[in-house]
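Peer 1: structure for this input, please:
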Amino acid sequence: MSGKVTTDEAAGTVARAAGAGEQGRVIAFPARRDGNGAAWEPWVDERTIARHFNASERTIRRWRTLGMPSRLFEGLRRYRLSECEAWHAGEGRVA
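Peer 2: Coordinates of the predicted model:
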């Protein structure tokens, strides 16, 4: 089956856009929860955070040195969008 796959993390759904001559389908999955019952949130890379804030990856690295939360997973730097938004809205008002 061809077509573009999109993910809606908040709703816990995956949708496949209809290609030429295909019917579109939406496959619903239950929302993911962590061990404490809180909504699961993915760890994303620097490029994704930069696109979210409409900033360069260099700016994201600079913000990290100023305290924006991140974590290393086997040498790969990852960020949680909600943590970065909270930091940016609070003390992270730097441009």
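
Peer 1: against residue 25, how distant is residue 78?
Peer 2: From residue 78 over to residue 25 the distance is 31 Å, taken as C-beta to C-beta, to the nearest Å. Any C-beta I mention is one placed from the backbone N, CA and C, and that applies to glycine too.

Peer 1: my read: residue 60 touches residue 69, true?
Peer 2: No - between residue 60 and residue 69 there is no contact under C-beta atoms under 8 Å: 11.8 Å.

Peer 1: quick check: neighbours shared by the two?
Peer 2: Counting by C-beta atoms under 8 Å, 6 or more residues apart in numbering, the contacts common to residue 60 and residue 69 are residue 79.

Peer 1: quick one, which of those two is more surrounded?
Peer 2: Set residue 60 next to residue 69 and count neighbours by other C-beta atoms under 10 Å: residue 60 wins out with 23 against 14.

Peer 1: which stretch of helix or strand covers that one?
Peer 2: If you go by DSSP states H and E, residue 60 is part of helix 57-65.

Peer 1: swap in residue 86?
Peer 2: helix 81-89.

Peer 1: and that helix, average pLDDT?
Peer 2: Averaged across helix 81-89, the pLDDT comes to 91.
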